[in-house]
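Novice: Sequence and predicted structure are below.
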Amino acid sequence: MSKQITVRAAGGHEFLALLPQLAGVPLRRSLVCVAFRGSTVIGVLRHDLPRRVADHPVLVSAVVGAVCRIEGAEGIIVTVYTEREYPRTAAAAERRLIDRLAARLEDAGFEVRDGFVVASTGWGSVADPLVPAGGRELALIDSAAAELPVLGELPADPSPITDRARAARLRRRLVALREQGSLEWLQRELGPQIDPIELVEGVLCEPVSTAAQGAWFAELSASAVFRDAIVLQIAFGAAVGEIALQGAAGRCEPFDDGPDGPMCDAESEGSEEFVSELYLGRTRLRPQTKRVEAGIGFVEQLLVDLPRAHRPGVHCVAGWLHWALGRGSRAGSHLDRALEIDPDHAMARLLDTYLGSGALPEWAFVREDEHRALQGGR
């Protein structure tokens with residue numbers, strides 16, 4: 001949300017050529033809103049395109065709410081990326097989504113400068129009556145992209161490499177953990193890293209983790225209480241991890257969907273509220289990016305080596321960490337994989353619903369000067 005880029009695109013194809021660089025990720029099945037102050041880009045929002053048209057109203061409400069939080073936004077350009085053919089009529093789902101969103105944005109006081117659809121067969125502006133029935137040629141965008149200056153490398157999808165010997169060592173430790181997982185055995189295997197706080201700090205600092213560390217991390221990630229504490233510790237530091245683990249036995253879940261709602265011990269209500277607000281992104285305190293990147297590197301390598309049945313909890317950790325850095329597509333991919341393995345995995349389902357609703361962390365809207373002030377001027 002901190003990009004300040006002046007756009008001087010001569011046509012829609014030049015803007016669309018630049019858009020993946022503005023968004024910072026490859027764009028597929030996405031709804032993207034670019035916010036302008038004058039001709040300067042001051043914010044880019046990207047959401048996964050819902051699988052069902054019935055979910056469009058929820059997405060529109062989430063997007064409008066997010067745009068309203070971009071300080072100084074005046075004009076908006078909306079773009080829908082779809083894998084379907086270019087929509088030939090105004091009744092097509094993509095066109096109706098843009099119309100619905102544009103109407104809500106205008107009601108909120110923004111100028112909607114244009115709306116584009118980029119499909120598998122062509123592209124076009126919904127405001128252009130001269131667009132051919134099948135859309136304009138995608139080659140126009142590709143040609144413009146080849147001529148535009150590069151603002152920065154798009155992040156490549158991480159591709160950790162598995163190693164059979166390493167994966168076999170991890171499997172043996174997982175079996176041993178289940179069969180011999182006494183405190184004495186864990187102490188011999190892990191030493192002080194039997195403590196979850198020490199374990200997380202260890203895997204963030206060590207370039208190569210051991211099979212015992214990976215097995216214990218996967219085991220802890222299968223527990224909702226430890227998993228929540230792990231992601232918050234990775235993002236915000238060991239002190240927050242300690243707070244998240246306090247009173248673990250009576251801890252309420254941020255996504256408790258029981259009939260009576262969350263149940264918390266009254267003595268820990270203050271810390272529980274603090275933990276839940278962090279977990280849901282309802283704070284302007286940003287995560288520590290270097291720690292989050294290190295955590296992602298560790299868990300994505302671990303996922304490559306883990307047996308499939310042990311992966312859902314670790315996929316939830318990876319999904320939350322990507323979401324914390326604004327990478328909705330990668331977060332969604334991890335949650336999809338968790339649900340492929342275990343369709344009834346409670347945390348994966350609830351995270352998928354929450355993130356899929358368009359929820360964005362509050363820290364995504366913090367200006368750099370405000371962030372420095374929150375960090376005490378560092």
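Specialist: Right, received. Where do you want to start?

Novice: Which residue ranges of the stretch 251-378 of the chain form helices?
Specialist: 269-279, 289-305, 312-324, 328-341, 346-356, 368-374 (DSSP state H, counting those that start in this stretch).

Novice: Lowest average pLDDT across the ones you listed?
Specialist: Mean pLDDT is lowest for helix 368-374 among the helices of the stretch 251-378 of the chain, at a mean of 56.

Novice: before we move on, back to that, single out the most deeply packed of the helices of the stretch 251-378 of the chain.
Specialist: Burial of the helices of the stretch 251-378 of the chain is given as mean neighbour count (mean count of other CB atoms under 10 Å); helix 312-324 ranks first at a mean of 26. Just so you know, the C-beta spots here come from the backbone N, C-alpha and C atoms, and that holds for glycine as well.

Novice: neighbouring contacts of it?
Specialist: Helix 312-324 has contacts (CB atoms under 8 Å, 6 or more residues apart in numbering) with 217-218, 221-223, 227, 230-231, 234-235, 279, 281, 287, 292, 295-296, 299-300, 302-303, 306, 328, 330-335, 337-339, 341-342, 345, 347-348, 351, 355, 361.

Novice: Quick one: closest of the helices of the stretch 251-378 of the chain to C205.
Specialist: Among the helices of the stretch 251-378 of the chain, helix 289-305 comes nearest to C205, with 8.0 Å by CB to CB.

Novice: Give me the contact list for the helix or strand where Q233 lies.
Specialist: Per DSSP states H and E, Q233 falls inside helix 224-236. Residues outside helix 224-236 that contact it (CB under 8 Å, 6+ apart): 196-197, 200-201, 204, 217, 220-221, 240-241, 244-245, 248, 251, 253-254, 275, 278-279, 285, 287-288, 291-292, 294-295, 313, 316-317, 320-321, 324, 346-347.

Novice: could you measure the residue of the chain positioned farthest from its centre against A218, distance?
Specialist: Taking CA atoms, centre = their mean, the residue of the chain most remote from its mean C-alpha position is E184, at 38.4 Å. Distance, E184 to A218, by CB to CB, to the nearest Å: 21 Å.

Novice: quick one: the helices in the stretch 51-200 of the chain?
Specialist: So, for the stretch 51-200 of the chain - with DSSP H, counting those that start in this stretch - the helices run 56-68, 93-107, 139-147, 164-180, 183-190, 196-205.

Novice: Out of these, which gets nearest to G12?
Specialist: Nearest to G12 among the helices of the stretch 51-200 of the chain is helix 139-147 (8.7 Å), distances taken as CB to CB.

Novice: so what does that closest one touch, helix or strand wise?
Specialist: helix 12-23 (3 or more CB pairs under 8 Å, 6 or more residues apart in numbering; DSSP states H and E).

Novice: If you count contacts, what does the helix it packs on end up packed against?
Specialist: strand 30-37, strand 40-48, strand 75-81, strand 111-118, strand 123-125, helix 139-147.

Novice: Mind doing that once more with 10 Å?
Specialist: Helix 12-23 sits against strand 5-6, strand 30-37, strand 40-48, strand 75-81, strand 111-118, strand 123-125, helix 139-147, with contacts defined as 3 or more CB pairs under 10 Å, 6 or more residues apart in numbering; DSSP states H and E.
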